[in-house]
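Peer 1: here you go, sequence then predicted model.
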Amino acid sequence: MPDATHSFDALMDITARPKTVFVRGEGSWLWDDTGKRYLDFIQGWAVNCLGHSPAVLADALAAQAKLLITPSPAYYNDASLKLAHALVKQSCFDQVFFANSGAEANEGAIKLARKYGALHIITFEGGFHGRTLATMSASGKKAFEPLFEPKVPGFRKARLNDLASVEVLINKNTVAVMLEPIQGEAGVWPASDQFLRDLRALTEAHGLLLIFDEIQTGMGRTGKLFHYEHAEIVPDVMTLGKGIGGGVPLAALLATEKAACFEHGDQGGTFNGNPLMCAAGLAVLGEVGKPEFLKSTVDAGLFLESELQKLSARHGLGEVRGRGLLLALDLKLPIGAAIVAQAFEAGLLLNSPQPDALRFMPALNVTREEISAMIDGLDAILIKAGAARQVA
Ligand SMILES: Cc1ncc(COP(=O)(O)O)c(C=O)c1O
């Protein structure tokens, strides 16, 4: 039975949510307070890379909580030093600043770029970088345009996969180009590897920083530990969030030696690099960074992609796009919200970032059986939706 003591009134009403209360999670599954089970292909918006409440993460948090939760960011702590070292060792970057959310990591990247040189950063139409004032201004999300004026100045928008649209915006005030290698919120639109290579060459030629927002694509989501590895380039700055904590609020700003230009007083925060979150990050990186883990993510991604393609062909839908376990299915019609609502009733958690697309971001250790169960559930919903269209 639902818990009658739950009242929804005390929380600010910032988004439409089903009046369901989740109380437990395990791997790809969630349970609500009535005992109903849901197959989760959202996973906290690509956050729980090891699924819900994995033992390795729960154990690391419990052990660290008993040892030391926070000594103050004015002092070093063991877990943050170890995690920074591990991230540097496994990436092309030299230094790390830990943050508590993706938006905060991106704010840090924007500040770093401004400190490095000038005011203007080129970002992209359709891009999403967070919900603080500067990251909303950096985003190219149409719905943000009328909100919270005046915007933070200094962001000019180019078009993804269109190098000339970037080139034309470069002037003496430009310091950086910042992008998501796959635009997630916009509906999973990938930058091509060639575009990323061309962008690297262009930014190098003009002495500009190249900033990768890998908050959604990083930590194995696209089959490599970091997405920039696919294009075989070295960005100057990268931000991580979501998957790096496996479900707890941890994010990171990474920079090469050249770009890591903060001086004392430029950046900081009460909870930044606290050992509890960094212990979680170490546990996650210990799993996701294993070559065999990444290989199984690639295999799962290819299986999900081919099953979605078959489903699309059966129902006359559009393309499947994305990489690894960040995929979208083009529905060709604005039926995303209706499908998500029916899936929820059927115990399947799906996301529709745009009216005509579904986005799939399961746990990176999702099984073939779970993928097949999701496809069967979606198939049944699409059959019903197709029948309704024929009757109408
Ligand atoms: C690419 C990208 N950047 C930044 C963010 C913001 O992260 P957070 O919600 O943790 O602030 C998100 C969140 O969806 C994202 O997908």
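Peer 2: Yep, that arrived.
Peer 1: give me the neighbour count for K151.
Peer 2: By the other C-beta atoms under 10 Å criterion, the neighbourhood of K151 contains 15 residues. (Each C-beta comes from the backbone N, C-alpha and C, glycine too.)
Peer 1: isn't F155 right up against S137?
Peer 2: Yes - the criterion here is C-beta atoms under 8 Å, and F155 meets it with S137 at 5.3 Å.
Peer 1: which of these two has more neighbours?
Peer 2: F155 (23 against 19).
Peer 1: and the more buried one, how close does it get to E125?
Peer 2: With the distance defined as C-beta to C-beta, to the nearest Å, F155 ends up 11 Å from E125.
Peer 1: A231 now?
Peer 2: With C-beta to C-beta as the criterion, A231 and E125 are 20 Å apart.
Peer 1: tell me which of those two has more neighbours.
Peer 2: Neighbours were counted for A231 and for E125 using other C-beta under 10 Å; A231 has more, 21 against 16.
Peer 1: spell out which residues of the stretch 151-300 of the chain are next to the ligand.
Peer 2: E180, G184, E185, D213, I215, Q216, G241 (C-beta under 6 Å from any ligand atom).
Peer 1: what sits against the residue of the chain found nearest the ligand?
Peer 2: Shortest the chain-to-the ligand distance, computed as C-beta to the nearest ligand atom: residue-wise this is G102, at 2.3 Å. G102 makes contacts with H129, G130, D213, I215, T239, G241, K242, A251, as judged by C-beta atoms under 8 Å, 6 or more residues apart in numbering.
Peer 1: redo these as CSV? Include neighbour count and secondary structure.
Peer 2: CSV is the format used below for the contacts of G102 (neighbours: other C-beta atoms under 10 Å; DSSP: H, G, I helix; E, B strand; the rest coil):
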residue, neighbour count, secondary structure
H129, 31, coil
G130, 22, coil
D213, 31, strand
I215, 30, coil
T239, 31, strand
G241, 28, coil
K242, 27, helix
A251, 26, strand
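Peer 1: looking at those, which is nearest A313?
Peer 2: Checking the contacts of G102 against A313 with C-beta to C-beta, the nearest one is K242 at 31.3 Å.
Peer 1: for the closest one, which residues are in contact?
Peer 2: By C-beta under 8 Å, 6+ apart, K242 lies in contact with G44, W45, A46, V47, C49, G102, I215, Q216, G218, M219, A251.
Peer 1: got a list of what the third one touches?
Peer 2: It refers to A46. Residues counted as contacts of A46 (C-beta under 8 Å, 6+ apart) are G184, Q216, R221, K242, G243, L326, M361.
Peer 1: in strands only, show me the residues you listed.
Peer 2: L326 (DSSP state E).
Peer 1: buried subset of the contacts of A46?
Peer 2: G184, Q216, R221, K242, G243, L326, M361 (16 or more other C-beta atoms under 10 Å).
Peer 1: out of the residues of the stretch 151-300 of the chain next to the ligand, which is nearest to R321?
Peer 2: Nearest to R321 out of those is G184 (C-beta to C-beta; 11.4 Å).
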